[in-house]
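J.: Next input, structure requested:
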Amino acid sequence: MLTYHHSHDFIPANKVDLLCDKFVKNCTIDDNDCWIWNGALFTSGYGKIKIARKSWYVHRLSACLFHDSFDPTLVVCQECPNAHNKACCNPYHLKQGTQKDNMSHPLTRELLRQKAYEYLSRQQRGM
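T.: Below you'll find the model as predicted:
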């Protein structure tokens, strides 16, 4: 069973229940068990939520709320099955690691290859 943790001092204790409720209301579950964030998005496609006038990445907040331990100095890597879904905030699809860990993930490498190909194609077409 998924439970949330109150031990993270950078999220006010009185906001945890409200944030968890907001998660439930703003997510739908797809065929890969991804929790798709239906709220605001950053231009990069990652989910966005405001807490005390600060914008947070939703997948990062999900890891903070639902993982046993959370190190704010590490990145949150998404490992969705069969897809690199930037709007996913399922804590079971998230793990913490270094930026190198995140960039070495096969799905991330494939996404970077696709972006590079698209960029080169635009350059060749003079766009």
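J.: what about the protein, any weak spots by pLDDT?
T.: In the predicted model of the chain, residues 1-12, 82-83, 105-117, 119, 125, 127 satisfy pLDDT under 70.
J.: what's the helix or strand for the residue nearest the centre of it?
T.: Nearest to the geometric centre of the chain sits residue 59, at 2.6 Å (C-alpha atoms, centre = their mean). Using DSSP states H and E, residue 59 sits within helix 58-66.
J.: now for that helix, which elements pack on it?
T.: helix 16-25, strand 48-51, strand 75-78, strand 94-97 (3 or more C-beta pairs under 8 Å, 6 or more residues apart in numbering; DSSP states H and E). C-betas here are computed from N, CA, C, even on glycine.
J.: got the ones you listed as CSV, with distance to residue 124 columns?
T.: Output for these, formatted as CSV (distance: least, C-beta to C-beta, whole Å):
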stretch, distance to residue 124
helix 16-25, 43
strand 48-51, 34
strand 75-78, 31
strand 94-97, 35
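J.: Just the CA trace of stretch 70-90, in CSV.
T.: Written as CSV, here are the backbone C-alpha positions of stretch 70-90 (Å, rounded to 0.1, in the frame of the first residue of the first chain):
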residue,chain,number,x,y,z
PHE,A,70,14.3,11.7,-0.2
ASP,A,71,17.5,13.5,-0.9
PRO,A,72,16.9,17.0,-2.3
THR,A,73,20.5,17.0,-3.8
LEU,A,74,19.6,14.2,-6.2
VAL,A,75,17.5,14.2,-9.3
VAL,A,76,14.3,12.2,-9.7
CYS,A,77,14.6,9.7,-12.6
GLN,A,78,11.5,8.5,-14.4
GLU,A,79,11.4,4.8,-15.3
CYS,A,80,8.0,4.4,-16.9
PRO,A,81,7.5,1.0,-18.6
ASN,A,82,7.4,1.1,-22.4
ALA,A,83,7.5,4.9,-22.5
HIS,A,84,9.3,8.1,-21.4
ASN,A,85,6.2,9.9,-20.1
LYS,A,86,7.1,13.3,-18.8
ALA,A,87,3.7,13.8,-17.3
CYS,A,88,3.9,10.6,-15.2
CYS,A,89,4.1,11.1,-11.4
ASN,A,90,3.6,7.5,-10.2
